[in-house]
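Undergrad: fold the following.
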Amino acid sequence: MDAPAPLRALLDRAELEELMNRYAASIDGRDWARLRTVFADGEIGADFTSLGVKQPFRGSAEVWVELVRQTIAGFDATQHFFANHQATIEGDRAAVVRYMQARHVLGDAHYTLGGHYTIDAVRTAAGWRVARYALTVSFREGDRRLMGIAYRKATERA
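TA: Residues are numbered from 1 along each chain as shown. Down below sits the predicted model:
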């Protein structure tokens, strides 16, 4: 039996919030298989050009998760926070905004980003999944060079 519309809307919002909580926890916990469950099957999009990436990503979720692993695994720790959750749901599609802060730690140094994600999510048989998303960076604090150092550290291990 389908839930009444007001209840369905609340459930959808809770599921979308949980989706992005799973995204953050998977990255911080280095659980790459769990991170894969955040994304839709088929081609996805990820635009991190505001972070300095040269062009948006378009391809499979598996390739994207590997790129995230290479970017994150070299850090000693990361911590991602979300706030100000907004979702506009129309049927099986949702436009989502999540404000964020992400702290990246390597030794005694850190690099922290703040901004927001803009997410296009789709409802699948397995639940809500990210089809496309973009990061808009509003501020940076700390040593930006850590991103490259951590990347080299992670890819040298692989």
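Undergrad: so what's the most centrally placed residue in the chain up against?
TA: The C-alpha lying nearest the average C-alpha coordinate of the chain belongs to Y23 (Cα atoms, centre = their mean; 5.2 Å). Neighbour list for Y23: 35, 38, 80, 130 [criterion: Cβ atoms under 8 Å, 6 or more residues apart in numbering]. Every C-beta, even on glycine, is put in place using the N, C-alpha and C of the backbone.
Undergrad: let's see it at 7 Å
TA: The contact partners of Y23, by Cβ atoms under 7 Å, 6 or more residues apart in numbering, come to 35, 38.
Undergrad: check which helix or strand it maps to.
TA: For Y23, the host element (DSSP states H and E) is helix 5-28.
Undergrad: from the contact counts, what lies against the host helix or strand of A87?
TA: Using DSSP H and E, A87 sits within strand 77-90. In terms of contacts (3 or more Cβ pairs under 7 Å, 6 or more residues apart in numbering; DSSP states H and E), strand 77-90 is packed against helix 5-28, strand 93-106.
Undergrad: how much space between the nearest residue to A83 once chain neighbours are set aside and R58?
TA: Spatially, and ignoring its direct neighbours in sequence, A83 is nearest to Y99 (4.9 Å; Cβ to Cβ, 6 or more residues apart in numbering). Using Cβ to Cβ, to the nearest Å, Y99 is found at 25 Å from R58.
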